[in-house]
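S.K.: sequence first, then the predicted structure:
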Amino acid sequence: VKHAYKEPGTYPVKVVGVDKYGQKGDAKCTQPVSDPKNPDKLLPPHAHLISDPAPSEVKQPVKLDATKSHDQFNKPCVSYEWTFGDGTPNETTTEPVTNHVYEAPGTYPVKVTVTDKNGLSAQAAINHPVIQNGPSEEDPYAAVSSTPPDAKPKEPVRFDASKSVDQNG
């Protein structure tokens, strides 16, 4: 889907996927829209998050990847705070990738808060499915990305949820 924002700013974006059982999965990102009259005005970074594999099995390492996150000048972020959604402590890294192991089946709300060199932050979130010994009637996995990651007013932004999957077909 494409959407053009009328004004500069930072906008929350959410996609919801629904499988054939009516189960829902969602993903979120933050879409910055720069001001063409003031292109150097600082904006929060662009946050992006994916997990691999999705779904994963219990006790299988999951790669959480925020490498497509960047500041408004396409420079890497300097800090990544990970919330895994399973009650384990948050983790802060200077690298955009971390691994996590889930101990029980379920759907976990995973979030990354990225911070750029100017101290500005943005969040991306997914619901990561964890299954026990093969597919079950779990929620679908939803993912969303945007192109361009930093838009200008009235410039169409393409939101792509094609990486979303329903592990039940």
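M.R.: Nice, I can see it.

S.K.: what's opposite residue 10 in the beta bridge?
M.R.: When bridges are assigned using DSSP bridges, the partners listed for residue 10 are residue 32.

S.K.: residue contacts, it?
M.R.: Contact partners of residue 10, counting by CB atoms under 8 Å, 6 or more residues apart in numbering, are 30-33, 43-44, 122. Yep, even glycine has a C-beta here, placed from its N, CA and C like the rest.

S.K.: what's the answer for residue 81, then?
M.R.: Contacts of residue 81 by CB under 8 Å, 6+ apart are 90-92, 112-113, 115.

S.K.: the most far-flung residue of the chain relative to its centre in helix, strand or coil?
M.R.: Using CA atoms, centre = their mean, the residue of the chain lying farthest from its centre is residue 37. It sits 29.1 Å away. The assignment at residue 37 comes out as coil when based on DSSP: H, G, I helix; E, B strand; the rest coil.

S.K.: equivalent analysis for the one 5 residues further on, please.
M.R.: Local secondary structure at residue 42 is given as coil here, using three-state DSSP.

S.K.: pretty sure it contacts residue 35?
M.R.: No: using CB atoms under 8 Å as the test, residue 42 is too far from residue 35 to be in contact (10.6 Å).

S.K.: next, format the contacts of residue 81 as TSV and append pLDDT and neighbour count.
M.R.: Compiled in TSV, the contacts of residue 81 are given as follows (pLDDT from 0 to 100; neighbours: other CB atoms under 10 Å):
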residue	pLDDT	neighbour count
90	98	10
91	98	14
92	98	11
112	97	25
113	97	21
115	98	20
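
S.K.: can those residues go into a markdown table with extra columns for secondary structure and distance to residue 48?
M.R.: What follows is those, written out as a markdown table (DSSP: H, G, I helix; E, B strand; the rest coil; distance: CB to CB, whole Å):
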| residue | secondary structure | distance to residue 48 |
| --- | --- | --- |
| 90 | coil | 19 |
| 91 | strand | 18 |
| 92 | strand | 18 |
| 112 | strand | 9 |
| 113 | strand | 12 |
| 115 | strand | 14 |
